[in-house]
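1. Okay, here's the prediction I keep looking at, along with the sequence it came from:
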Amino acid sequence: MTSGDDVRAKRGPRSAEFGVLAVALVLLELVFSSSHELMRRWCEITCVAVGVVSTAATIYAQAPRTGRPNFSGAWTLNRDLSDPPVQGPAGPNEQSRGGGAPRGPDGAVPRSQFRAYRGAPDRLPASGAAVPGAIDELIGELRDGSPSLTVSHADPVLTVTDARDRTRLFQTNGQPNPHQIGSATVVSTTRWDGDRLITDYDAGAGRRVRIVYSMTPFTRQLVEQVTLPGGQTIKRVYDPARSIRRR
């Protein structure tokens, strides 16, 4: 063997070593590159997850809370979402409206026939029974509805004023509330049922007139549902016109 062959023989193993080392370096680069890509993807996924959680937390914080709503505000009737005014004779279990207040050509009770209740305690009838004429007027009033309401609500006191300046005060703790309607007094009780506020007027002979107030959760509209003694229901939806400072 010549000296050149000896040199090539010596270089052979070293060349193989360098080749293996080169392959190892390439493999390490691929591993680190894959790890870097994997870490980058994990970072992206983490950022997206944090964004989703943050958005959900924001939506939850802005969502209306369950519980008892506050009805304070000035409200305007949404005629598109409300039942039309009820016309026609009284139901089978209702008093005839003929003994109530005189009505105009449009069927509405003239403003002069109503006197506002300003919150002063009224003297109740000795018998505690509802006066038929007053109940007739109340039913007529609730049949017609009001194009607007102004509500002041600081529990346990709720004050409602309609478009004709008829103002009534309610205690929301179930205590009797006397209301002067015409020349007589009608008694109601108001209580909470979850997030609904229920007012029952004593119509005599075991009958009642019921008003239920509630608030839509996202549109924040006031819903008034009236149930007359005959079982007929009338639903009205009011949009917020302006807000009143709430306590």
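-> Done, it's in.
2. What are the boundaries of the strands in this structure?
-> Secondary structure of the chain (DSSP state E): strands at 73-77, 148-154, 157-162, 167-171, 176-181, 184-193, 196-204, 207-215, 222-227, 233-242.
3. can you list those strands in a markdown table and add distance to Gly140 and mean neighbour count?
-> C-beta: built from backbone N, CA, C; applies to glycine. Formatted as a markdown table, those follow (distance: least, Cβ to Cβ, whole Å; neighbours: other Cβ atoms under 10 Å):
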| stretch | distance to Gly140 | mean neighbour count |
| --- | --- | --- |
| strand 73-77 | 17 | 19 |
| strand 148-154 | 17 | 18 |
| strand 157-162 | 13 | 18 |
| strand 167-171 | 15 | 19 |
| strand 176-181 | 10 | 19 |
| strand 184-193 | 13 | 18 |
| strand 196-204 | 13 | 20 |
| strand 207-215 | 11 | 18 |
| strand 222-227 | 12 | 19 |
| strand 233-242 | 12 | 16 |
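4. and those as TSV, adding mean pLDDT?
-> Conversion of the strands of the chain to TSV gives the following (pLDDT from 0 to 100):
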stretch	mean pLDDT
strand 73-77	97
strand 148-154	97
strand 157-162	97
strand 167-171	97
strand 176-181	94
strand 184-193	96
strand 196-204	95
strand 207-215	97
strand 222-227	98
strand 233-242	93
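5. pretty sure Thr161 is touching Thr150, no?
-> Yes: Thr161 lies in contact with Thr150 (Cβ atoms under 8 Å); the separation is 4.5 Å.
6. What ranges in the protein fall below the confidence cut-off?
-> Along the chain, the model assigns pLDDT under 70 to residues 1-39, 41-43, 45-66, 87-130, 242-247.
7. Which segments of it make up each domain?
-> Domain assignment of the chain by automatic domain parsing yields the ranges 1-63, 73-242.
8. before we move on, the earlier item: now distance to Asp83 too, for the strands of the chain, in CSV please.
-> Formatted as CSV, those follow (distance: least, Cβ to Cβ, whole Å):
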stretch, distance to Asp83
strand 73-77, 11
strand 148-154, 16
strand 157-162, 17
strand 167-171, 21
strand 176-181, 23
strand 184-193, 22
strand 196-204, 18
strand 207-215, 14
strand 222-227, 9
strand 233-242, 5
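9. mind listing what the residue lying closest to Leu158 once chain neighbours are set aside touches?
-> Excluding its sequence neighbours, the residue lying closest to Leu158 (Cβ to Cβ, 6 or more residues apart in numbering) is Phe170, at 4.6 Å. By Cβ atoms under 8 Å, 6 or more residues apart in numbering, the contact set of Phe170 is 157-160, 177, 188, 190, 199.
10. Dump the residues you listed to CSV, plus distance to Arg208.
-> Converted to CSV, the contacts of Phe170 look like this (distance: Cβ to Cβ, whole Å):
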residue, distance to Arg208
Val157, 22
Leu158, 18
Thr159, 22
Val160, 18
Asn177, 14
Ser188, 9
Thr190, 13
Thr199, 10
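11. ok, and the closest non-adjacent residue to Ile181?
-> Ile181's closest residue in space is Ala134 (Cβ to Cβ, 6+ apart), at 4.3 Å.
12. and that neighbour, how many neighbours?
-> 23 (other Cβ atoms under 10 Å).
13. hang on, it packs against Val187?
-> No: contact criterion Cβ under 8 Å: Ala134 and Val187 do not qualify, at 10.3 Å.
14. shared neighbours, these two?
-> By Cβ under 8 Å, 6+ apart, Ala134 and Val187 have no common neighbours.
15. could I have stretch 137-144 exported to CSV, CA atoms only?
-> Output of stretch 137-144 as CSV, limited to C-alpha atoms (Å, rounded to 0.1, in the frame of the first residue of the first chain):
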residue,chain,number,x,y,z
GLU,A,137,-114.1,52.8,36.0
LEU,A,138,-110.9,50.8,36.8
ILE,A,139,-111.8,48.1,34.3
GLY,A,140,-112.5,50.8,31.6
GLU,A,141,-109.2,52.5,32.4
LEU,A,142,-107.2,49.2,32.1
ARG,A,143,-109.1,48.2,28.9
ASP,A,144,-108.0,51.5,27.3
